[in-house]
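*Asks:* Got a sequence here, can you build the structure:
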Amino acid sequence: MDLSEALQKGFYVSLGATAALLEFWQDPIAREQSLKSWQQDLDRLVEKGVSAEIEARNFVDRMVAQQTGAPTPRAAEPVPTTVDTTAQPADQPAEDGSSGVPQDDAQALSQLTQQLADLRAELEQLRQR
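*Replies:* Model (predicted):
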């Protein structure tokens with residue numbers, strides 16, 4: 001493709017984009033449909049991102065397990081196990097005076113909870129647009 005052909009295509013692309021933008025703003029029904037379509041696309045991307053994160057986490061877990069020689073965890077086939085535990089209420093400290101959760105873990109959990117709340121708020125703002 002030569003330079004003049006590329007410039008002509010660029011001109012037509014910009015002209016078509018301008019016409020599409022004018023149609024978008026002039027027709028409120030089409031605008032609402034487009035916005036709903038974009039919202040659905042955004043929701044699909046969020047779902048795809050969540051599943052990609054899960055797949056990536058499983059992949060990394062398998063790679064780490066292979067490197068360390070540990071058995072590979074299988075998410076699809078949960079292994080039933082029996083664990084003896086002693087529960088303590090979350091609002092009462094443990095017998096040794098600690099909260100039962102290491103401070104670093106509690107702080108990390110608090111940070112993750114805040115990040116989750118921020119992401120939910122951002123998603124809600126995007127949905128309202």
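
*Asks:* tell me what the lengthiest helix in the chain is packed against?
*Replies:* As assigned by DSSP state H, the longest helix anywhere in the chain is helix 28-68. Under the contact criterion of 3 or more CB pairs under 8 Å, 6 or more residues apart in numbering; DSSP states H and E, helix 28-68 touches helix 3-26, helix 103-128. The way it works is simple: take the backbone N, C-alpha and C, and place the C-beta from them, glycine included.

*Asks:* now those as TSV including distance to residue 47, mean neighbour count and mean pLDDT?
*Replies:* Below are the helices and strands packed on helix 28-68 laid out as TSV (distance: least, CB to CB, whole Å; neighbours: other CB atoms under 10 Å; pLDDT from 0 to 100):
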stretch	distance to residue 47	mean neighbour count	mean pLDDT
helix 3-26	26	10	88
helix 103-128	12	10	81
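
*Asks:* Quick one, which of those helices gets closest to residue 45.
*Replies:* Residue 45 lies closest, by CB to CB, to one member of the helices and strands packed on helix 28-68: helix 103-128, at 10.6 Å.

*Asks:* what's the pLDDT at residue 72?
*Replies:* For residue 72, the pLDDT comes out at 56.

*Asks:* Tell me which of the helices and strands packed on helix 28-68 lies nearest to residue 36.
*Replies:* helix 103-128 (10.5 Å).

*Asks:* got the angle for that closest one vs helix 28-68?
*Replies:* With axes from the mean of the first three to the mean of the last three CA atoms, to 10 degrees applied, the angle from helix 103-128 to helix 28-68 works out at 160 degrees.

*Asks:* for the record, mean pLDDT for the longest helix of the chain?
*Replies:* Per-residue scores along helix 28-68 average to 89.
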